[in-house]
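In: Quick one, what's the 3D model for this:
(chains A, B, C and D)
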Protein chains: 4
Amino acid sequence: MSVKNGRQFLSIPGPTTVPDEVLSAMHRPAIDIRKGELVNVTARLKDDLRMITKSKGMPFIYIANGHGAWEAALSNVLCRNDKILVLESGSFAGGWGQTGGTIGLDVEVLPGSWRKSVDPEAVEERLKSDKSGDIKAVLVVQVDTASSVVNDIPAIRRAIDNAGHGALLMVDTIASLGTMDYRMDEWGVDVTVAACQKGLMMSPGISFTVANEKAMAFHQKANLRTAYWDWTSRQGSEHYQTYAGTPPVHMLFGLQKAFELIRDEGLDNIFNRHRLLAGATRAAVAKWSEKDEFAFNIIDPDDRADSVTTVLVRDEQKLGAIHEYCAEKCGVVIGVGIASLSGKALRIAHMGHINAPTLLGTLGVIEMSLNALSIPHGKGGVQAAIDYLAASVPR
Amino acid sequence: MSVKNGRQFLSIPGPTTVPDEVLSAMHRPAIDIRKGELVNVTARLKDDLRMITKSKGMPFIYIANGHGAWEAALSNVLCRNDKILVLESGSFAGGWGQTGGTIGLDVEVLPGSWRKSVDPEAVEERLKSDKSGDIKAVLVVQVDTASSVVNDIPAIRRAIDNAGHGALLMVDTIASLGTMDYRMDEWGVDVTVAACQKGLMMSPGISFTVANEKAMAFHQKANLRTAYWDWTSRQGSEHYQTYAGTPPVHMLFGLQKAFELIRDEGLDNIFNRHRLLAGATRAAVAKWSEKDEFAFNIIDPDDRADSVTTVLVRDEQKLGAIHEYCAEKCGVVIGVGIASLSGKALRIAHMGHINAPTLLGTLGVIEMSLNALSIPHGKGGVQAAIDYLAASVPR
Amino acid sequence: MSVKNGRQFLSIPGPTTVPDEVLSAMHRPAIDIRKGELVNVTARLKDDLRMITKSKGMPFIYIANGHGAWEAALSNVLCRNDKILVLESGSFAGGWGQTGGTIGLDVEVLPGSWRKSVDPEAVEERLKSDKSGDIKAVLVVQVDTASSVVNDIPAIRRAIDNAGHGALLMVDTIASLGTMDYRMDEWGVDVTVAACQKGLMMSPGISFTVANEKAMAFHQKANLRTAYWDWTSRQGSEHYQTYAGTPPVHMLFGLQKAFELIRDEGLDNIFNRHRLLAGATRAAVAKWSEKDEFAFNIIDPDDRADSVTTVLVRDEQKLGAIHEYCAEKCGVVIGVGIASLSGKALRIAHMGHINAPTLLGTLGVIEMSLNALSIPHGKGGVQAAIDYLAASVPR
Amino acid sequence: MSVKNGRQFLSIPGPTTVPDEVLSAMHRPAIDIRKGELVNVTARLKDDLRMITKSKGMPFIYIANGHGAWEAALSNVLCRNDKILVLESGSFAGGWGQTGGTIGLDVEVLPGSWRKSVDPEAVEERLKSDKSGDIKAVLVVQVDTASSVVNDIPAIRRAIDNAGHGALLMVDTIASLGTMDYRMDEWGVDVTVAACQKGLMMSPGISFTVANEKAMAFHQKANLRTAYWDWTSRQGSEHYQTYAGTPPVHMLFGLQKAFELIRDEGLDNIFNRHRLLAGATRAAVAKWSEKDEFAFNIIDPDDRADSVTTVLVRDEQKLGAIHEYCAEKCGVVIGVGIASLSGKALRIAHMGHINAPTLLGTLGVIEMSLNALSIPHGKGGVQAAIDYLAASVPR
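Out: The predicted model follows:
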């Protein structure tokens, strides 16, 4: 007995649902890579990246996932044994830091909590104590996909400025870009790292760095640069140099279409949509959490991301049963807890190509599972989500 | 302010959502039409049609929509001026009858209601009165897409038998096949009409007739046969004869995949899924109908189809506002009332490639619209649907 | 040992290669059929049909293959027992005539040859002898796909006029439209029949009729009209009426793209391309025919169509070997002879989505097969085709 | 006046034509990346890589182009300041060496010619002179895409063995794998580098390394390893570790299908097909080269690759005219000369998803351009290719 057959709902926090238009854009014959259309595609993609990151900086497009872009960002601006300060608020800043360790950097983690955003005061304090300027870069994620926290990037910028410190501010926007506002130039971010498979709605395999002038100045002195990641050679005049070799033809077609969808909807509309769907999700989770089997991982409502919601589930067996019921009985794949939250949380993604019926269907199936599995929860979660959306979206 | 961008939900009662696998199956280069793979596809499709209609009869595949198959069915078994008895229970039996009128048949409508199923006793009575056997065929739909009624085909068969009448029983299963049980041979149906774009999950453009031996005997004497529809020439040994000309290559690829999906899920599982999703829909509609702005079109719960639910809406302006809000704000296209219910009803489709999250998302958006538009309704419709499904789909 | 793997070349005279853009256009989710985009698609398709047939007449779009459109055309303008005069020059006018026979028309064939175009003088003579005006319509194909003849439609029009006869001129352009010039209004054609799967480059399943005012006047009195084909009901204001029921959603998407490709290239450029590729084919066939195993089916060079070339092959076993070698060893499917030329000819299609390398590759493989199979032929066929094209396509 | 519209022929030596089946395989909804189908896909891909490289070694799959795999291969087995010996025979071994330079290796190029294969005796001599064992790795390409040379890998292995030298043998098979025989284990290759977009028929964006036990032993001591490329972390038990982060979902679907096509045809059949199509190309080029405007770049016939043929063209303007004519008039994109052959050569690709008609069509268009542009050449190139193929592919 199942009500599963139909379109699968993929509610994992990346890679997210790829729009049909994007998949279609990838379905065409290969073309020449040295001149003509593809060269124009590349130029347009760079413009779009500037538009999306709100930056006049220099964008670089990598055939790699986000972990590749992490390595690219660090190796292009730093020297062997440079110290980097990693601001913990979940899993991914730490992961980025470890990557730095493997290429020869000295990694210091500023301890934080998986349940809170980064504390700008702690950043300021640590930087003030770095009298000798050992710290060359501060690494932070805007949204941590594991904890579902959102960090206040402008506040962290102010912390650095208040400390009068010259370190680069490097921000990982992989789980936030295209879901909430990000203003690289206005906020004083020096290096942005991004990837295509979450808010940008593209199939994974492409990632990005954007560098401002300060980062390009660091780049001139950096001694960790390697052929594949190197920003300088990627600025060469031949088209293949942009990709340090063969361009990923079909991926670029898909990316172009994804960026076109973003332009068509408009960034502000996109951010509003994400804010509303996140609000609806939180309305449902708040209701379910009236019974203490469930709780928000992120304690402070202001710290909760608009792209994903991590929900703590007390009983690991029940958690497993929810995942299985949603997937096997209803065709909905819910995100699992990862790293320190493995076996302790589920994650509801609400980013990218997602609308009200998709979210309400997903929440509806989760609530259905709670009923069917007799898991204690506050009833009316979906109803709360509906009421929230109805109130927020007038005629 | 919209929460629309994402996959559009198409909740119209046909053509329904085409599975991605089916669309993909149609996306391949053209092939030879005289021998090889395509000839095997045709043979397999005919076998599948027998499986789906539970019949050992002769299937015919038309490049045409359902209206074409109506004409095909009648012209192959009847003679000019033959009388046909049309059993009214909504819009479509009447439409089929009108088609008969255009090809030279004498059409008699047995009056019925748009809010009830066909009354087998009235059928029996009318046939008993046809002492001279003028009536050559009885036409009925299993499900009427307009009214959302389901008719009791075995009971109608018994009515004919009780009357000792020799008329053909011709059943239109366009809105029912692949959504609920249908047993052509066991139920004594002589001619089945079907189309691909509802429960069979294929893009529209293909329709079917299946004929049993009695129908084939009528066929021998029929004088309304024409080249395009003719069953005899379509049984010729050349592959093109099956299609009375060029086969619809890519449509056949899609149809083959759709039938493969049906075989994979299994008819009983498919019927159960539809029964549950219909039940959930009715749970929601029943709740909304606690305020008298809304009502089921079909009065008797036993008469309600598992493929579509027609909901009467008192105020035409409000009805229009619901449609517009769902589509423009949320990306959900709800079916409109048609024919005599135009401007008086909405229709929620729950047939074909549809699962719990898709239905709950659709219902969620409808309820969201009722809230946002301040339309009086019993609250908790979606909650009722969730509770119904949770109770019906155990772990 | 094979050099087959790679893209299959489909050189059959319809259905022809579907452009990737057209297949892609069909690969998208289903949409609403009652309003919005699809309604606009329909309107645009009708405009395009007028552009392609060079007519201000009324176009009708059928879910059917060309045989369906044959039935549609006849049933809309004629009455039971009307006489039609069928002008033989191959297989298909006769087939159309037979269709007329099944719907109640009196069919007279004006005998012709499979190796020559219709003789306008014979037409004039026959019509002159029809003093009582029994003949209501003259049926002719512009190109016969079986014989590969092209008929001179304006000359046939003049023949009718010279005879002072009032019969309708009905022209089947299925194998010519989109490959050579056709001017419905200027040439005085009353009814045009077309289908989508040859020069129009779409997957089969859609066909067309276009009617001028004289045809519409006949239509008012016609008594063979039936619901599915009827022009009057298809002019109704509801969108579904255009298709006499559910529109073929994805087929329309494909057709729209195919027509867009036609507009982009321009009819004159398309006709030139076909003329050149036909010329190249004939250069190769002429060379091969220097040994008398091979001969053009159409004797007079002026009678040879630009869309397909039928080549007589003396020895049926050798003919079979060529087909098998091309298909199994090289991945090229060559058209077979049909009807009276079954086992006696091969057909090389050069229509629709085809360019110089595709044609030269096809001819190259045929010549390769002649060599490999030691079949006597004049050498240098492909060389002649190359020389012809090089001379015809200056820098 | 053009005969261009139709399927574009892409005759560049990579990325090559992607089979329709592969494009279709990439066109499906995203799925979960942590368990289920995708995990099985990864396992299967690794098995297939072993099959294709004829190795029991350890395969690694990178989201990167071939240049990324170059960096991966070197960084995983070498230490800072290690010396590598680069065997020149065109452009790409040198490019690989330069990559090594950027990550801290000491690069020595063994000079060779762009018109000849690597001389094994020179290799042996150089290694014998390396008494202190400074050279840690020997880098060579099996086929150089620029020069179109093929190197004799077993002979180079013997040279190393004859010298009694312990350096790793690292082979770039990017332009050869899937087009000609390659036996990693039997030939004693320690590290293989490959990429998906040439003989493997996949859209670019994935590359590979395969390591044998000796390479894995070097890996243990290597100090250039970084997080993204590292073999050790990529052997972790979590699925994402295989890709050092998010797997490239749709690229993997495509790759799986491409490998399935390879298994279906069989490696030996694939190699035969390439050998024959290369032979046909050389027959045509030899004929054209009877006038001295044209010449093979690779002097010794035994040194010519089966995947691509580089043809020297004396006059750069004429060369440009050929490219333009083929592309703009006929829809065939021919490869350009690159690096030191820029402006001096054209390259005809005959690798991957290519069959006889595609090649003959390509050659036919080139010869057509020579005629149309009045460029001196030996006539009958295509005829020679046809004769060669006919003689080589018996019934």
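
In: need the contact list for the residue of the stretch 1-150 of chain A at minimum distance from chain B.
Out: When distances are taken as C-beta to the nearest C-beta, the stretch 1-150 of chain A reaches nearest to chain B at residue A:6, 3.1 Å away. In short, each C-beta sits where N, CA and C put it, glycine included. The contact partners of residue A:6, by C-beta atoms under 8 Å, 6 or more residues apart in numbering or on different chains, come to A:331, B:17, B:353, B:354, B:355, B:357, B:358.

In: show me the residues around the closest residue to it other than its chain neighbours that make contact.
Out: Distances taken as C-beta to C-beta, 6 or more residues apart in numbering or on different chains place residue B:355 nearest to residue A:6, at 3.1 Å, with adjacent residues excluded. Residue B:355 makes contacts with A:3, A:4, A:5, A:6, A:7, A:330, A:331, B:273, B:277, as judged by C-beta under 8 Å, 6+ apart.

In: Would you mind giving these as JSON lines with secondary structure and pLDDT added?
Out: Putting the contacts of residue B:355 into JSON lines (DSSP: H, G, I helix; E, B strand; the rest coil; pLDDT from 0 to 100) gives the following:
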{"residue": "A:3", "secondary structure": "coil", "pLDDT": "98"}
{"residue": "A:4", "secondary structure": "coil", "pLDDT": "98"}
{"residue": "A:5", "secondary structure": "coil", "pLDDT": "97"}
{"residue": "A:6", "secondary structure": "coil", "pLDDT": "98"}
{"residue": "A:7", "secondary structure": "coil", "pLDDT": "97"}
{"residue": "A:330", "secondary structure": "helix", "pLDDT": "98"}
{"residue": "A:331", "secondary structure": "coil", "pLDDT": "98"}
{"residue": "B:273", "secondary structure": "helix", "pLDDT": "98"}
{"residue": "B:277", "secondary structure": "helix", "pLDDT": "98"}
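
In: want to throw those residues into a markdown table with distance to residue D:253?
Out: Listed next are the contacts of residue B:355 as a markdown table, based on distance: C-beta to C-beta, whole Å:
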| residue | distance to residue D:253 |
| --- | --- |
| A:3 | 27 |
| A:4 | 21 |
| A:5 | 21 |
| A:6 | 21 |
| A:7 | 17 |
| A:330 | 24 |
| A:331 | 19 |
| B:273 | 27 |
| B:277 | 30 |
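
In: Just the closest residue of the stretch 151-300 of chain A to chain C, please.
Out: Relative to chain C, the nearest point of the stretch 151-300 of chain A is residue A:253 (11.2 Å; C-beta to the nearest C-beta).

In: Surely residue A:170 and residue A:135 touch.
Out: No - if you go by C-beta atoms under 8 Å, residue A:170 and residue A:135 don't touch, sitting 11.7 Å apart.

In: Quickly list what's touching both of the two.
Out: Residues touching both residue A:170 and residue A:135 by C-beta under 8 Å, 6+ apart: none at all.

In: out of those two, which sits in the busier spot?
Out: A direct count of neighbours by other C-beta atoms under 10 Å in any protein chain shown for residue A:170 and residue A:135 places residue A:170 higher, at 28 against 22.

In: Setting the sequence-adjacent residues aside, check what's closest to the more buried one.
Out: Take residue A:170 and drop its neighbours on the chain: the residue closest to it by C-beta to C-beta, 6+ apart is residue A:191, 4.2 Å away.

In: For the residue of the stretch 151-300 of chain A closest to chain C, give me phi and psi.
Out: Per-residue torsions, residue A:253: phi -60, psi -40 (degrees, to the nearest 10).

In: Check the burial of it by counting its neighbours.
Out: When neighbours are counted by other C-beta under 10 Å, residue A:253 registers 22.

In: contacting residues around it?
Out: Residue A:253 touches A:25, A:26, A:28, A:41, counting by C-beta under 8 Å, 6+ apart.

In: Straight-line length of stretch A:102-117, end to end?
Out: End-to-end distance for stretch A:102-117, by C-alpha to C-alpha, to the nearest Å: 26 Å.

In: List the buried residues of it.
Out: A:102, A:103, A:104, A:105, A:107, A:110, A:112, A:113, A:114, A:115, A:116, A:117 (16 or more other C-beta atoms under 10 Å in any protein chain shown).

In: That stretch and chain D in contact?
Out: Yes - shown here: stretch A:102-117 in contact with chain D (C-beta under 8 Å from any C-beta of the partner chain) through A:102, A:103.

In: pLDDT (mean, whole number) over that stretch?
Out: What stretch A:102-117 shows for mean pLDDT is 98.

In: same question, stretch A:308-326
Out: 98.

In: where exactly do the strands run in the stretch 251-395 of chain A?
Out: For the stretch 251-395 of chain A, applying DSSP state E, counting those that start in this stretch gives strands covering A:294-296, A:308-313, A:332-336, A:345-349.

In: would TSV of these with distance to chain D be doable?
Out: As requested, the strands of the stretch 251-395 of chain A are exported to TSV (distance: least, C-beta to the nearest C-beta, whole Å):
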stretch	distance to chain D
strand A:294-296	22
strand A:308-313	14
strand A:332-336	5
strand A:345-349	11
